[in-house]
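Novice: Turn this into a structure:
(2 chains)
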Number of protein chains: 2
Amino acid sequence: MQTFQDLLLQFETFFNRHQFPSQPQNLYEPCSYLLKLGGKRVRPVACLMTHELFAPLNNDVWNLATAIELFHNFTLMHDDIMDQAPLRRGFTTVHEKWDLPTAILSGDVMNIFAYVHLNKINTQYIHDVITLFNQTAIEICEGQQLDMDFEKREFVKIDEYLQMITLKTSVLLAASMKFGAMLGGATDGCSGLLYDLGKSMGIAFQLKDDYLDAYGDANKTGKQLGGDILANKKTFLLAKAAELANEDQLQNLKELCNRNDKNKVIDTLAFFESLQLKSLIQDEINTYTKQAYAYLEKVPVMEKHKVHLHALLDMLLKREN
Amino acid sequence: MQTFQDLLLQFETFFNRHQFPSQPQNLYEPCSYLLKLGGKRVRPVACLMTHELFAPLNNDVWNLATAIELFHNFTLMHDDIMDQAPLRRGFTTVHEKWDLPTAILSGDVMNIFAYVHLNKINTQYIHDVITLFNQTAIEICEGQQLDMDFEKREFVKIDEYLQMITLKTSVLLAASMKFGAMLGGATDGCSGLLYDLGKSMGIAFQLKDDYLDAYGDANKTGKQLGGDILANKKTFLLAKAAELANEDQLQNLKELCNRNDKNKVIDTLAFFESLQLKSLIQDEINTYTKQAYAYLEKVPVMEKHKVHLHALLDMLLKREN
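Specialist: The predicted structure is shown next:
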């Protein structure tokens, strides 16, 4: 049983061994560039951690963790185009540094390389692994589509919002945790618990993102407070506000969304407070957090083996940035 | 043993059974739209034909043929963005009919659905099939990158051009023909012959495209004669012209490329004739065509079983459109 940090260091070593071919340079250089920007590597390391609950790490799980991280970076490269994002992890995005065709094609080939690593897994597991991988990949595309669809709407319902973040964000963490258990030889019931754990954790993580945008400490998050509010982003807070507002309040909310002045954030936060949204989103985060801990509780391995997964949950859910 | 036409009809029936989910509509409608524009289905049907040389058609090969056609259409959707193409098979391209993010994301999900079908194949074959599929997919991305790199250059060498069309066009036909043999239980040597056959056939096919652009009958091709010349596209003819030209002729060729007047095509064709390029490209097509027939000759099955593959080669290589 190793800590997140221990496994992170080992993962980076294994992951960096994966080198793209050198030619054509214009295809592969953008892939290496994006990977070198780093990242928290939460998904692949979570996969390694759940594997260690059941079996010692082996080549299969290292390759699977690599596939997960390559796939994740492929989606980032394409999402950045779709979102017209200028920066990723503080550096110029691929489509800005190179161009649009490059970011499309380099993303495509990175996705294929994810499948190259999946295909290195022992034949015994390969069908089930690829089944879950494909299902998850499809759900992530669906989540990104819903996110884009939501941009064109004035408000979305809470259920729709939760469905979108589940697909876009949490199923990959869920699948990563299930993959580790599957390759470790866990029963279906047991690996299913780890899927549910990852899913709850992913939702709580995304809700915390929404919380920190409105109520975080800009010195700690490194982001402008109220960035989502300024962009009228469809967050849990906006969805909940629209759900709870009476007719007059809804009119107020619409007017707030249409404003672009310097007091938009402070006035919107005051409006959210009139509906007690800070406490409501905290409750929601707590609900999913408790779910996550409850699933971990049920995993039938010795409590002392769960200590590092507990620490990971704590790290992700109690974060202030 | 069935003809191309027989198998095409059956393939269409099987392929149309593949339905994308209905929601999110903005993700899947563009996928269905592109598939409904049709296409020659040469690759999946070639896969079925080589399979029939060795074994009766089964679910594995139908799923593999479906995966090939889904993958091919995914590359078309993304290539059309990169090439800024307004039309595909005479209809508006996806990025024009919807928008850029839609064409990226719908392409991405179509690629994943190709792997969904691959993953339905019997466990016995799945590793080898996915290995060749991934290798081919990577080569196709590399070929597209070379094609884009070439656009920025004045001239390319013949070897570079042949490498590009091999990767971009012919390896998918090669792999399709090998896949059919693999799943039919052919030996490695035998399925290798079908790979080489498909590769030679694919190169001859692309060279014929170059030939028809310059020397075809516009009434039959349905395309403007000299379209490639007008766009300074890096074709076999342009590469060969640059290779054979002496210093003065190279200067002439550069001037021709810089022209945009109405006589550009006719003057370039006259220049090509001064280097006897029409006969040289015919020779090159013949060389690859003969290679393809020679590989077919070597395939160790009864001659009478090869008759429909012969007809396919004839159809593709002697075409006038």
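
Novice: So for residue A:319, what's the pLDDT?
Specialist: Looking at residue A:319, its pLDDT is 84.

Novice: oh, I was asking about residue A:19
Specialist: pLDDT, residue A:19: 86.

Novice: give me every residue that touches it.
Specialist: residue A:32 (CB atoms under 8 Å, 6 or more residues apart in numbering or on different chains). C-beta coordinates here come from the backbone N, C-alpha and C atoms, glycine included.

Novice: can you give me the helices in the stretch 201-321 of chain A?
Specialist: Using DSSP state H, counting those that start in this stretch, the helices of the stretch 201-321 of chain A run over A:218-221, A:227-230, A:236-244, A:247-258, A:264-274, A:277-298, A:307-317.

Novice: Okay, buried residues for the first one please.
Specialist: Think helix A:218-221. By neighbour count on 16 or more other CB atoms under 10 Å in any protein chain shown, the buried set for helix A:218-221 is residue A:221.

Novice: which residues touch the residue nearest the centre of chain A?
Specialist: The centroid of chain A falls nearest to residue A:169 when counting by CA atoms, centre = their mean (3.8 Å). Applying CB under 8 Å, 6+ apart to residue A:169 gives the contacts A:143, A:202-203, A:205-206.

Novice: cool, and residue A:31?
Specialist: Residues near residue A:31 by CB under 8 Å, 6+ apart: A:20, A:73, A:106, A:109-110, A:113.

Novice: ok, it to chain B distance?
Specialist: In this view, residue A:31 and chain B are 10 Å apart by CB to the nearest CB, to the nearest Å.

Novice: so after whichever strand or helix holds that residue, what's the next helix or strand?
Specialist: Element membership for residue A:31, per DSSP states H and E: helix A:25-36. As assigned by DSSP H and E, the chain's next helix or strand after helix A:25-36 is helix A:42-52.

Novice: just checking, what packs against that following helix?
Specialist: helix A:4-17, helix A:59-82, helix A:171-183, helix A:307-317 (3 or more CB pairs under 8 Å, 6 or more residues apart in numbering or on different chains; DSSP states H and E).

Novice: quick one, which of these is packed in tightest?
Specialist: helix A:171-183 (a mean of 28; mean count of other CB atoms under 10 Å in any protein chain shown).

Novice: Setting aside sequence neighbours, what's the nearest residue to residue A:175?
Specialist: In this structure, residue A:175 finds its nearest non-sequential neighbour in residue A:136, 4.2 Å apart by CB to CB, 6 or more residues apart in numbering or on different chains.

Novice: State the number of residues packed around that neighbour.
Specialist: By the criterion of other CB atoms under 10 Å in any protein chain shown, residue A:136 has 23 neighbours.

Novice: Just say helix, strand or coil for residue A:56.
Specialist: In three-state terms, and counting by DSSP: H, G, I helix; E, B strand; the rest coil, residue A:56 is coil.

Novice: From residue A:184, how far off is it?
Specialist: Distance, residue A:56 to residue A:184, by CB to CB, to the nearest Å: 9 Å.

Novice: Look at these two and report which has more neighbours.
Specialist: Between residue A:56 and residue A:184, counted using other CB under 10 Å, residue A:184 has the larger neighbour count: 21 against 8.

Novice: What's the separation between the residue lying closest to that one once chain neighbours are set aside and residue A:128?
Specialist: Spatially, and ignoring its direct neighbours in sequence, residue A:184 is nearest to residue A:54 (3.0 Å; CB to CB, 6+ apart). Residue A:54 sits 15 Å away from residue A:128, going by CB to CB.

Novice: Who has more neighbours out of the two?
Specialist: Legend: neighbour count by other CB under 10 Å for residue A:54 and residue A:128, higher for residue A:54 (20 against 16).

Novice: Residue A:182 is in contact with the more buried one, correct?
Specialist: No - Residue A:54 is beyond contact range of residue A:182, at 9.2 Å (criterion: CB atoms under 8 Å).

Novice: you'd agree residue A:195 is up against residue A:174?
Specialist: Yes - with contact defined as CB under 8 Å, residue A:195 reaches residue A:174; the gap is 4.6 Å.

Novice: so what's residue A:68 up against?
Specialist: A:43-44, A:47, A:114, A:172, A:175-176, A:179.

Novice: Please repeat the previous calculation with a cut-off of 7 Å.
Specialist: By CB atoms under 7 Å, 6 or more residues apart in numbering or on different chains, the residues touching residue A:68 are A:43-44, A:47, A:176.

Novice: most surrounded residue in those residues?
Specialist: Neighbour counts for the contacts of residue A:68 peak at residue A:47, which has 32 neighbours (criterion: other CB under 10 Å).

Novice: Tell me how far it lies from residue B:163.
Specialist: Relative to residue B:163, residue A:47 is positioned 38 Å away (CB to CB).

Novice: So, low pLDDT: which residues of the stretch 201-321 of chain A?
Specialist: Nowhere does the stretch 201-321 of chain A drop to pLDDT under 70.

Novice: Just the closest residue of it to chain B, please.
Specialist: residue A:234 (14.6 Å; CB to the nearest CB).

Novice: tell me the phi and psi of that residue?
Specialist: phi -80, psi 90 (degrees, to the nearest 10).

Novice: what residues are up against it?
Specialist: Contact analysis of residue A:234 by CB under 7 Å, 6+ apart lists A:150, A:156, A:161.

Novice: try residue A:96
Specialist: Residue A:96 touches residue A:86, counting by CB under 7 Å, 6+ apart.

Novice: Look at it and tell me its secondary structure.
Specialist: With three-state DSSP as the basis, residue A:96 sits in helix.

Novice: Let me have the contacts of residue A:68 in JSON lines, extended by pLDDT and distance to residue B:16.
Specialist: Output for the contacts of residue A:68, formatted as JSON lines (pLDDT from 0 to 100; distance: CB to CB, whole Å):
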{"residue": "A:43", "pLDDT": "97", "distance to residue B:16": "37"}
{"residue": "A:44", "pLDDT": "98", "distance to residue B:16": "39"}
{"residue": "A:47", "pLDDT": "98", "distance to residue B:16": "38"}
{"residue": "A:176", "pLDDT": "98", "distance to residue B:16": "35"}
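
Novice: Report the contact partners of the nearest residue to residue A:243 once chain neighbours are set aside.
Specialist: Among residues not flanking residue A:243 along the chain, residue A:158 sits closest, at 5.7 Å (CB to CB, 6+ apart). By CB under 7 Å, 6+ apart, the contact set of residue A:158 is A:239-240, A:243.

Novice: So which bits of the helix or strand containing the residue nearest to residue A:175 are buried?
Specialist: In the assignment (DSSP H and E), residue A:136 maps to helix A:123-151. Across helix A:123-151, burial judged by 16+ other CB under 10 Å covers A:125-126, A:128-130, A:132-134, A:136-150.

Novice: Specify the angle between it and helix A:59-82 in degrees.
Specialist: Angle, helix A:123-151 to helix A:59-82, by axes from the mean of the first three to the mean of the last three CA atoms, to 10 degrees: 20 degrees.

Novice: what is the rounded mean pLDDT of helix A:123-151?
Specialist: Computed over helix A:123-151, the mean pLDDT rounds to 96.
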